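[1] quick one: sequence and predicted model below, then my questions.
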Amino acid sequence: MWTESVDLHSHSHRSDGLWSPSEMARRAHANGVKVWSLTDHDTSAGWVEAEAECKELGLKFIPGVEITCEVELPSTIDTENPKSWHLLAYFPNGASDELLEWLATLKDARLPRMKAMLDALEELGHTILLADVEKFAEGSLGRPHLGRAMLEAGMVDTVQQAFDDWIGNDCPAFRSRPLPSIAEVCEKVRNEAGITSLAHCKYYGVELEVLIPHIKKLGVDCIEAFHHSHSDSYRLKLVQSGMPVTVGGDSHGTENRPSPGKMLVPLKSLHQAFCP
Ligand SMILES: [Zn+2]
Ligand SMILES: [Zn+2]
């Protein structure tokens, strides 16, 4: 049995998505989604609004967050992977105040980092004001907001160009921020009776034979086998890895994927906490 009624990975304007949490809930509902999670980057700021809308619509809401983590790989493993990995964390039983406070510290670390990138651009001869970046961000401040400010200032022709030439990893105005480790996040989430899932693992460029045992060792519960960037054959390999899977459209409300939903997943592989 397969289902299209679960989508556990979406972004609102509380991080780098275009729409409000309630608009994303309505879009999920319109697509036939019955179990849905809002997973903004490093913030729980959209949960209350999303949950209220889901209640109205009769959707099961799972509070979630996509946490940017440090890469933890033994040095023997060679990969051209990004500087950070994304770990999805779900809290079907809710989250404690302590956890929410810890999430707030992750979000706060984004501000000094943004200032450091603006300083770097300034030194390279381009002035972008913090206020011009912040007006694109209702919640977690990130590089896509800076990219939009650079576009508005006429510095680049597209947001992608901002990443390619200026603020992408290893580019001249890129600055990193302190990140939690995957093992640390897994422990915190487990203390809340929550569930973790490694997001879009194809991006990281590590062979599955190496990746799967490694993330199990770190304490990760599931793998996001069904992500829009994964081919069918790759999804199948992940299903056969033996880990419970999650499904994520990763909609940001943008043109390429405007709404959550329309993601097929086999029920017997889906982690049972998310079955409709
Ligand atoms: Zn991600
Ligand atoms: Zn995402």
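    Cool, the structure landed. This one's a predicted model, so the numbers in the text were calculated from it and none came from an experiment. Ligands and ions are numbered 1, 2, ... in the order given.
[2] what does this structure put close to ligand 1?
    His86, Ala199 (CB under 5 Å from the ion). C-beta: built from backbone N, CA, C; applies to glycine.
[3] what about the strands in the chain?
    Taking DSSP state E to define them, one finds strands in the chain at 2-3, 6-7, 35-38, 60-70, 84-90, 195-198, 222-227, 245-248, 265-266.
[4] direction included, what does the first one pair up with?
    This points to strand 2-3. Strand 2-3 pairs in its sheet with strand 265-266 (antiparallel), by DSSP bridges.
[5] with mean neighbour count as extra columns, can I get the strands of the chain in CSV?
    As requested, the strands of the chain are exported to CSV (neighbours: other CB atoms under 10 Å):
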stretch, mean neighbour count
strand 2-3, 14
strand 6-7, 30
strand 35-38, 29
strand 60-70, 23
strand 84-90, 23
strand 195-198, 27
strand 222-227, 25
strand 245-248, 27
strand 265-266, 20
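[6] is it possible to get CSV of these that adds distance to Tyr234?
    CSV is the format used below for those (distance: least, CB to CB, whole Å):
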stretch, distance to Tyr234
strand 2-3, 17
strand 6-7, 19
strand 35-38, 22
strand 60-70, 20
strand 84-90, 17
strand 195-198, 14
strand 222-227, 8
strand 245-248, 12
strand 265-266, 14
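[7] which one of the ones you listed lies nearest to Lys115?
    For these, distance to Lys115 was read as CB to CB. The smallest value, 17.9 Å, belongs to strand 60-70.
[8] that closest one: how far from the chain's middle?
    With CA atoms, centre = their mean, to the nearest Å as the basis, strand 60-70 stands 7 Å off its chain's centre.
[9] and it, average pLDDT?
    The average of the pLDDT scores along strand 60-70 is 96.
[10] so it versus strand 84-90, what angle?
    Strand 60-70 and strand 84-90 are oriented at 150 degrees to each other (axes from the mean of the first three to the mean of the last three CA atoms, to 10 degrees).
[11] still on that earlier bit, which stretch among the strands of the chain comes nearest ligand 2?
    strand 60-70 (4.8 Å; CB to the ion).
[12] what is that closest one packed up against?
    Helices and strands touching strand 60-70, by 3 or more CB pairs under 8 Å, 6 or more residues apart in numbering; DSSP states H and E, are strand 35-38, helix 47-57, strand 84-90, helix 97-108, helix 182-191.
[13] so can I have a markdown table of those showing mean pLDDT and distance to Glu224?
    As requested, the helices and strands packed on strand 60-70 are exported to a markdown table (pLDDT from 0 to 100; distance: least, CB to CB, whole Å):
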| stretch | mean pLDDT | distance to Glu224 |
| --- | --- | --- |
| strand 35-38 | 98 | 11 |
| helix 47-57 | 98 | 19 |
| strand 84-90 | 95 | 6 |
| helix 97-108 | 92 | 20 |
| helix 182-191 | 97 | 14 |
